[in-house]
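Engineer: Got a sequence here, can you build the structure:
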Amino acid sequence: MRLKKKTSIYIEDELWERFKVRASAKGVEASSLLEELIKEELADQVSKALEELAGPEDYQLDFDPVKPREPVSPLIREMRDERADSLP
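Structural biologist: Model prediction:
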């Protein structure tokens, strides 16, 4: 378990009440939802920094599918075909 830090923040009363209602509707405590939002904000900053380093280009992977060396069992083949059909 990670250590937690108790802190105080100042938020408008009405905004905090609406936030607590939203957290309750999601079935989580307000502090958990706030923590999740902070993590998302920090992740966005990391993504933006990486984007600045890598540039705005959109990279795509290009590869040739690997063919099995030996025949696979009918069950494995069926499972692979189902998985392939579910991919976008």
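
Engineer: Past the helix or strand where residue 48 lies, which element shows up next along the chain?
Structural biologist: In this structure, residue 48 sits in helix 30-54 according to DSSP states H and E. Toward the C-terminus, helix 30-54 is succeeded by helix 74-86 as the next helix or strand (DSSP H and E).

Engineer: From the chain's centre, how far out is that next one? Work that out for me.
Structural biologist: Distance of helix 74-86 from its chain centroid, counting by CA atoms, centre = their mean, to the nearest Å, is 27 Å.

Engineer: Phi, psi for residue 7 please.
Structural biologist: phi -140, psi 170 (degrees, to the nearest 10).

Engineer: coming back round to it: now do the helix holding residue 48: which elements does it pack against?
Structural biologist: Under the contact criterion of 3 or more CB pairs under 8 Å, 6 or more residues apart in numbering; DSSP states H and E, helix 30-54 touches helix 13-26. Every residue, glycine included, has its C-beta placed from N, CA and C.

Engineer: just how off-centre is the helix it packs on within its chain?
Structural biologist: The answer for helix 13-26 is 23 Å, by CA atoms, centre = their mean.

Engineer: again with stretch 71-78
Structural biologist: 33 Å.

Engineer: tell me the mean pLDDT for it?
Structural biologist: Averaged across stretch 71-78, pLDDT comes to 77.

Engineer: And for stretch 81-88?
Structural biologist: 79.
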